[in-house]
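Student: What follows is a predicted structure for the sequence shown.
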Amino acid sequence: MATVLDIAKHNPNAATLAVSDAARVAGFVEKKAELNVVAGAAPGGASLIGLTRDQLKDSLSQIGVPERDLKMRVAQLWHWIYFRGAKDFAEMTNVGKELRARLAAAYTLARPQVVSEQVSKDGTRKWLIRMASTGPLDKGAEIECVYIPEVDRGTLCVSSQVGCTLTCSFCHTGTQRLVRNLTSAEIVAQLIVARDSIGDWPHATPPEGAFVPTDGSRFVSNIVFMGMGEPLYNTDNVIAAIDVMSDGEGLTLSRRRITVSTSGVVPQMERLGSEANTMLAISLHAVRDELRDELVPINRKYDIAQLLDACRAYPGLSNARRITFEYVMLKGVNDSDADARQLVRLLKGIPAKINLIPFNPWPGSKYECSDWERIERFSEIVFRAGYASPVRTPRGRDILAACGQLKSETEKLRARARMMAEQGIGAEGVYAVGNGE
Ligand code: SAH
Ligand code: SF4
């Protein structure tokens, strides 16, 4: 029977999504959803947080800033919002009082609401973030975002969609029914929220006892698009968000330290490389089409050969800029010596890194994580073939902050987290991959 979310009845902007359970069982490629929402449709003053330069320009235009001043005003606001992290127009001392008043009357600098923050024993932080409502009956879509600090870097794992239309059989996010694209502003806002929370602005200080890089690195130095959603099903907004995040006069993240992970949306890969110029990660997970069709169903549209051809053609690929191939270790499914040897054969000639991910179980998942000896053996075969093959360090296991476990039905998630903790099931945090730099 098809299930339709109630919220869609009341809110034209919310994703309407009909998921047939029979279709899920039959293992179809993806769920269908109306993906886009209108940015800033919330009643009351719209927030300027996360906007692109063009959007900011429009917003200023709308409150009567004359055309000749727009460039200068955008530059001023850009500096306050993205360089200094301003939370109030009153801080913007080089903007005249009268304009500040007009800005404050029409807009806000409100961040999306942090519904909860969980801090792991290892310093990993996970935020449940509620986006602004898009209509009277929408309480706001919820997404998760994870911060993984290390001594020499801080990696933020961001979401690109609420849920995911794809249905990879080992991924919890793929079971979520509510799906919509995040706007570029909502993607950028995750970085702003993270920097607010860990005190990563000039003159701010981290919360007492927080784990942040200690070698002088930026607190958030790396971004991975490995949270909820398929970034290349939301390519326009992902590219626009990356432009804001890497802007040299604002948030100034290096594009080389931004990694976009895709399950293999082949037609969008070239565009990502040429327009966003970021690092690429591929969720490969299987070396035979028959198995990949089951684990990563988008493989039925774009098979392994097509995917690897698109990898070979990825703009800017070189030994210094390798593609990361992610491979989740599923006991008795994809973890044999023969699989490891085939993996090495397949990747021949592609500047590649291989990331072995211990499978993170979730209640109801039908797989188990490979035994540690098996992972080591697999890793050794890959290593002997000349690839560094780090097994992702478990991070944030006590707060359910793991890849593939993010799912925004808050209450259910909390209940599950409790249940898993009680049963002693570890949630391996796996974002600590970093982006090579
Ligand atoms: N949709 C994108 C990015 C988000 S998923 C993609 O699929 O690449 C980020 C990574 O987590 C992917 O490599 C995904 O395959 C992996 N993943 C999903 N569920 C997992 C699980 N339960 N255990 C381990 N890794 C998982
Ligand atoms: Fe979506 Fe990635 Fe999960 Fe597959 S692994 S369902 S593409 S989030």
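Tutor: All right, it came through fine. Ligands and ions are numbered 1, 2, ... in the order given.
Student: any idea how far the closest residue to ligand 2 within the stretch 251-400 of the chain lies from A286?
Tutor: Of all residues in the stretch 251-400 of the chain, S263 sits closest to ligand 2, at 3.7 Å by C-beta to the nearest ligand atom. Heads up, the C-betas are built off the backbone N, CA and C, glycines and all. Taking C-beta to C-beta, to the nearest Å as the criterion, S263 is separated from A286 by 12 Å.
Student: about what we covered before: give me the distance between the residue of the stretch 251-400 of the chain closest to ligand 2 and L166.
Tutor: The span separating S263 from L166 equals 6 Å under the rule C-beta to C-beta.
Student: Please identify every residue contacting each of the two.
Tutor: For the pair S263 and L166, residues contacting each of them under the criterion C-beta atoms under 8 Å, 6 or more residues apart in numbering are E230, V296, I298.
Student: so which of those residues also contact ligand 2?
Tutor: On the criterion C-beta under 6 Å from any ligand atom, E230 are the entries of those that sit beside ligand 2.
Student: S263 and A286: which has the busier surroundings?
Tutor: Neighbours of S263 and A286, each counted by other C-beta atoms under 10 Å, are more numerous for S263; the result is 26 against 23.
Student: before we move on, the earlier item: joint contacts of S263 and A286?
Tutor: Contact with both S263 and A286 is made by residues V296, according to C-beta under 8 Å, 6+ apart.
Student: Any part of stretch 208-226 near ligand 2?
Tutor: No - Stretch 208-226 is not in contact with ligand 2 by C-beta under 6 Å from any ligand atom; minimum separation 8.2 Å.
Student: Extract the CA atoms of that stretch and return them as CSV.
Tutor: Once non-C-alpha atoms are left out, stretch 208-226 reads as follows in CSV (Å, rounded to 0.1, in the frame of the first residue of the first chain):
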residue,chain,number,x,y,z
GLU,A,208,34.8,24.7,27.8
GLY,A,209,36.4,21.3,27.2
ALA,A,210,35.6,21.1,23.5
PHE,A,211,37.9,19.1,21.3
VAL,A,212,39.1,21.2,18.4
PRO,A,213,42.3,21.0,16.3
THR,A,214,45.3,22.0,18.4
ASP,A,215,47.9,22.6,15.7
GLY,A,216,46.5,26.0,14.7
SER,A,217,44.2,24.6,11.9
ARG,A,218,40.8,26.0,11.3
PHE,A,219,38.3,24.4,13.6
VAL,A,220,36.3,23.4,10.5
SER,A,221,38.9,22.8,7.9
ASN,A,222,37.3,20.1,5.8
ILE,A,223,33.7,19.4,4.6
VAL,A,224,32.4,16.1,3.5
PHE,A,225,29.0,15.8,1.8
MET,A,226,28.4,12.4,3.5
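Student: circling back: out of the shared contacts of S263 and L166, the closest to ligand 1 would be?
Tutor: Distances from ligand 1 to the shared contacts of S263 and L166, taken as C-beta to the nearest ligand atom, are shortest for E230 (4.2 Å).
Student: That closest one and G163 touch, don't they?
Tutor: No - E230 is beyond contact range of G163, at 10.0 Å (criterion: C-beta atoms under 8 Å).
Student: how much space is there between S59 and C369?
Tutor: The span separating S59 from C369 equals 48 Å under the rule C-beta to C-beta.
Student: and if you look at A90?
Tutor: Distance of A90 to C369, given as C-beta to C-beta: 52 Å.
Student: what about the two, which has more around it?
Tutor: Neighbours were counted for A90 and for C369 using other C-beta under 10 Å; C369 has more, 19 against 12.
Student: just for this protein, where's the confidence low?
Tutor: Along the chain, the model assigns pLDDT under 70 to residues 1-28, 34, 38-44, 389-390, 393-394, 397-398, 400-437.
Student: need the residues of it near ligand 2, please.
Tutor: Proximity of the chain to ligand 2 (C-beta under 6 Å from any ligand atom) is limited to residues C164, L166, T167, C168, C171, T173, G174, G229, E230, S263, S283, G404.
Student: Please identify which helix or strand holds the fourth one.
Tutor: Meaning C168. Per DSSP states H and E: C168 is located in neither a helix nor a strand.
Student: number of nearby residues for it?
Tutor: As a burial measure, C168 scores 22 neighbours (other C-beta under 10 Å).
Student: quick one: contacts for it?
Tutor: Applying C-beta under 8 Å, 6+ apart, one finds that C168 lies in contact with G174, S263, S283, H285, L295, V296, P297, G404.
Student: same deal with the first one?
Tutor: Under the criterion of C-beta under 8 Å, 6+ apart, the neighbours of C164 are C171, T173, G174, Q176, V179, M228, G229, E230.
Student: for the first one, helix, strand, or coil?
Tutor: When states are read from DSSP: H, G, I helix; E, B strand; the rest coil, the local structure at C171 comes out as coil.
Student: The stretch 151-300 of the chain against ligand 1: which residues are in contact?
Tutor: For the stretch 151-300 of the chain, the residues in contact with ligand 1 under the definition C-beta under 6 Å from any ligand atom are C164, C168, F170, C171, M226, E230, S261, T262, S263, S283.
Student: which of those residues sit farthest apart?
Tutor: Of all pairs drawn from those, the greatest distance, 16.1 Å, lies between F170 and T262 (C-beta to C-beta).
Student: Would you tell me which strand is longest in this structure?
Tutor: If each strand of the chain is counted by residues according to DSSP state E, the longest one is strand 142-150.
Student: Of the contacts of C168, which belong to strands?
Tutor: Within those, residues falling in strands by DSSP E are S283.
Student: all helices of the protein, in order?
Tutor: Counting by DSSP state H, the chain has these helices, from start to end: 6-10, 21-26, 53-62, 67-78, 97-106, 184-197, 235-245, 266-271, 289-295, 304-312, 337-346, 372-384, 410-423.
Student: Give me the buried positions along the fourth one.
Tutor: Okay, so that is helix 67-78. Neighbour-count burial for helix 67-78, with 16 or more other C-beta atoms under 10 Å as criterion, is recorded at R73, V74, Q76, L77, W78.
Student: follow-up on the earlier one: can you give me the angle the longest strand of the chain makes with helix 184-197?
Tutor: 50 degrees (axes from the mean of the first three to the mean of the last three C-alpha atoms, to 10 degrees).
Student: Understood, closing this out.
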